[in-house]
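A.B. asks: structure, please.
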Amino acid sequence: MYFDRFDILSAYWLFGSLYHAGQSSKEYAYMGRAELAGFSPSGNFGWRSLTENGRDIYTNLVLSAGFSSEESYE
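C.D. replies: Got it, this is the predicted structure:
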């Protein structure tokens, strides 16, 4: 993994959109923060839209949240 703003924002946004537990959850807040930072995904944004680095970031988010890597793909 390496630092790339787009990869980070896209991975956090996708994680938040798939794993949030309602509007008051921290995962939902990830989506809002990414959008405030200028990330605006298309309507069909998903796993396939992530770069390889973005997929690594996303997978680490999923695993650190206690989910299995098999659950991390759309």
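
A.B. asks: CA atoms for contacts and neighbours, from now on please.
C.D. replies: OK.

A.B. asks: packing partners of the lengthiest helix in the chain?
C.D. replies: What stands out as the longest helix in the chain, according to DSSP state H, is helix 5-19. Other helices and strands packing on helix 5-19, by 3 or more CA pairs under 8 Å, 6 or more residues apart in numbering; DSSP states H and E, are helix 26-36, helix 52-64.

A.B. asks: isn't D7 right next to S49, touching?
C.D. replies: No: look at D7 against S49 with CA atoms under 8 Å: they stay out of range, at 10.2 Å.

A.B. asks: what about the two, which has more around it?
C.D. replies: For D7 versus S49, neighbours defined as other CA atoms under 10 Å are more numerous around D7 (21 against 15).

A.B. asks: enumerate every residue touching that one.
C.D. replies: By CA atoms under 8 Å, 6 or more residues apart in numbering, the contact list for D7 reads L50, T51, N53, G54, I57.

A.B. asks: name only those of the residues you listed that count as buried.
C.D. replies: Buried members of the contacts of D7, counted by 16 or more other CA atoms under 10 Å: L50, N53, G54, I57.

A.B. asks: which residues does F39 contact?
C.D. replies: By CA under 8 Å, 6+ apart, the residues touching F39 are F6, L9, S10.

A.B. asks: so how many other residues sit close to the closest residue to the second one other than its chain neighbours?
C.D. replies: Beyond its immediate neighbours in the sequence, the residue positioned closest to L9 (CA to CA, 6 or more residues apart in numbering) is A34, lying 5.3 Å away. For A34, the tally of surrounding residues (other CA under 10 Å) stands at 22.

A.B. asks: does A34 really touch L14, like I thought?
C.D. replies: No: taking contacts as CA under 8 Å, A34 lies outside contact range of L14: 9.8 Å.

A.B. asks: before we move on, the earlier item: CSV for the contacts of F39, including neighbour count, distance to S24 and pLDDT?
C.D. replies: Below are the contacts of F39 laid out as CSV (neighbours: other CA atoms under 10 Å; distance: CA to CA, whole Å; pLDDT from 0 to 100):
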residue, neighbour count, distance to S24, pLDDT
F6, 17, 25, 96
L9, 24, 19, 97
S10, 27, 20, 97
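
A.B. asks: return the member of these nearest to V62.
C.D. replies: The closest of these to V62 turns out to be S10 (CA to CA; 13.7 Å).
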